[in-house]
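Chemist: Okay, predicted coordinates and the sequence, questions at the end:
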Amino acid sequence: MDELRTYELRDPAALIREVAGRVDLTEDTAWLALVHHPSTEQRLLRVDLLPVPALLDDDDDISPHLRTAVETYGLEWTRGQGPQHMAVTIVVRPGFTVLGPNEGVWCKGWRYSNHFQSLHTGELILVTEHGWVDFMTEACGHEPRMVA
């Protein structure tokens, strides 16, 4: 197996199971998981509920909420090193575990968040009543799933 890049999760399945052990993945919630050394240690530091629903309209601008959320981490840039952390967005909504326009709004929100924090933010995991799927790796599973 090739060595993972620092912005890749070592084990998306283990991460979403650990998140589900800490919080209830209820319908129309969005979570932000802070992971230290995602490609090696993959240590989950915290999981925070985001102040926006999981289901968004095409014109919603969630970038200020995302920026505020990661600014609370206070991660300093380390000279000569890249980011040591990753913020994983977990979107819990009904429907098939297929990434669609709703998740595109989340990606656009991160693109324009301008948070200037030392962390990777491109990772998104979708959770539905059918299971979960990881945006970057396409890893998926039937458990955990959205809590009824």
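Modeler: Right, received. Where do you want to start? Since the structure is predicted, the reported quantities are computational estimates derived from the model, not experimental observations. Numbers count the residues shown, from 1 in each chain.

Chemist: ok, the helix or strand of the chain with the lowest mean pLDDT: who's next to it in the sheet?
Modeler: Ranked by mean pLDDT, DSSP states H and E, the weakest helix or strand in the chain is strand 119-120, scoring a mean of 93. Strand 119-120 has the following strand partners under DSSP bridges: strand 85-92 (parallel).

Chemist: Name the residues of the helix or strand just after the partner strand that are buried.
Modeler: Using DSSP states H and E, the helix or strand that directly follows strand 85-92 along the chain is helix 101-111. Of the residues in helix 101-111, 102-103, 105-106, 108-110 count as buried by neighbour count, 16 or more other CB atoms under 10 Å. Where C-beta positions appear, they are placed from N, C-alpha and C, glycine not excepted.

Chemist: Return the closest of those with respect to residue 13.
Modeler: Of all these, residue 13 sits closest to residue 103, with 18.7 Å by CB to CB.

Chemist: For the closest one, list the residues it contacts.
Modeler: 91, 124, 126, 135 (CB atoms under 8 Å, 6 or more residues apart in numbering).

Chemist: Spit out the contact partners of the third one.
Modeler: Which is residue 126. 91, 93, 97, 99, 103, 132-133, 135 are the contacts of residue 126 under CB under 8 Å, 6+ apart.

Chemist: Nearest to residue 38, out of the residues you listed: which one, please.
Modeler: Of all the contacts of residue 126, residue 135 has the smallest distance to residue 38: 13.8 Å, by CB to CB.
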